[in-house]
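A.B. asks: Quick one, fold the following:
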Amino acid sequence: MDADNHTGPHRFSMPAWISCAPYEQLLGMEILSAEAGEAILQMPFLKILAQGAGLMHGGALVSLADTAVVMAIKSVVAPGTHFATIAMENRFLRPVKKGIVQARAHVSERKDTILKGQCEIQDEAGRTVMTFASVFKIAKDAVVRDVRFGDAPTQNEAHRQG
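C.D. replies: Numbers count the residues shown, from 1 in each chain. Predicted coordinates:
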């Protein structure tokens, strides 16, 4: 087996700035909306996402929440902006046994190159099964626009323009 073909680095292109990457597609995630710092995603509880007791794996739920916050962030930063999760915290409130879960995320704070997000995941009955908070860092010299505040250039963007 040629390790280079299987272990990366991997190159691929996504169909749009706000779209699911291969890992997110593997989990069955679907973006329902992503605009103005908010995003709604859903994911079915497929058998491949079950842990040993037959419940939805917590890692799958965390992946959904993290991705939902990412899509909320992508809705307020310029396409191509590089950013990454640097911290996250979650609380599991109840197990998921079946159905489709839905993540509702929003950007809760932005300061310079730091963005914070919040997400709640609910089961088909509308019960909250997990809460999630995360912190992201935008790479230096990235353009950030804020659609909630008139799309004014940030300090970094204004510096590059002026």
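A.B. asks: Excluding chain neighbours, give the residue nearest to residue 130 in space.
C.D. replies: residue 121 (4.4 Å; CB to CB, 6 or more residues apart in numbering). The C-beta positions use only the backbone N, C-alpha and C, and glycine is treated the same way.
A.B. asks: For beta bridges, what are the partners of that neighbour?
C.D. replies: On the basis of DSSP bridges, residue 121 is bridged to residue 103, residue 130.
A.B. asks: Ok, residue 39 next?
C.D. replies: residue 34, residue 105.
A.B. asks: could you measure it against residue 97, distance?
C.D. replies: 25 Å (CB to CB, to the nearest Å).
A.B. asks: of these two, who's got more company?
C.D. replies: residue 39 (27 against 12; other CB atoms under 10 Å).
A.B. asks: list the contacts for that one?
C.D. replies: Counting by CB atoms under 8 Å, 6 or more residues apart in numbering, residue 39 makes contact with 31, 33, 68-69, 71-72, 75, 103-106.
A.B. asks: Recalculate using a threshold of 6 Å.
C.D. replies: By CB atoms under 6 Å, 6 or more residues apart in numbering, residue 39 lies in contact with 68, 71-72, 105.
A.B. asks: again with residue 109
C.D. replies: residue 116.
A.B. asks: Repeat that for residue 18.
C.D. replies: Contacts for residue 18 (CB under 6 Å, 6+ apart) come out as 34, 71, 74.
A.B. asks: again, but for residue 72
C.D. replies: Residue 72 touches 37-39, 105-107, 117, counting by CB under 6 Å, 6+ apart.
A.B. asks: And it, how close does it get to residue 115?
C.D. replies: Residue 72 is 9 Å from residue 115, by CB to CB.
A.B. asks: can you give me phi and psi for residue 30?
C.D. replies: Here is the backbone geometry of residue 30 (degrees, to the nearest 10): phi -130, psi 130.
A.B. asks: For it, name its beta-bridge partners.
C.D. replies: On the basis of DSSP bridges, residue 30 is bridged to residue 42.
A.B. asks: Can you give me the neighbour number for it?
C.D. replies: Counted with other CB under 10 Å, residue 30 comes out at 14.
A.B. asks: Correct me if wrong: it contacts residue 44.
C.D. replies: No - using CB atoms under 6 Å, residue 30 is not in contact with residue 44; the gap is 8.7 Å.
A.B. asks: for this structure, what spans make up the helices?
C.D. replies: 3-7, 22-26, 58-74, 155-161 (DSSP state H).
A.B. asks: how about JSON lines for those, with mean pLDDT and distance to residue 139 added?
C.D. replies: Shown next, in JSON lines, are the helices of the chain (pLDDT from 0 to 100; distance: least, CB to CB, whole Å):
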{"stretch": "helix 3-7", "mean pLDDT": "67", "distance to residue 139": "25"}
{"stretch": "helix 22-26", "mean pLDDT": "96", "distance to residue 139": "21"}
{"stretch": "helix 58-74", "mean pLDDT": "98", "distance to residue 139": "13"}
{"stretch": "helix 155-161", "mean pLDDT": "35", "distance to residue 139": "11"}
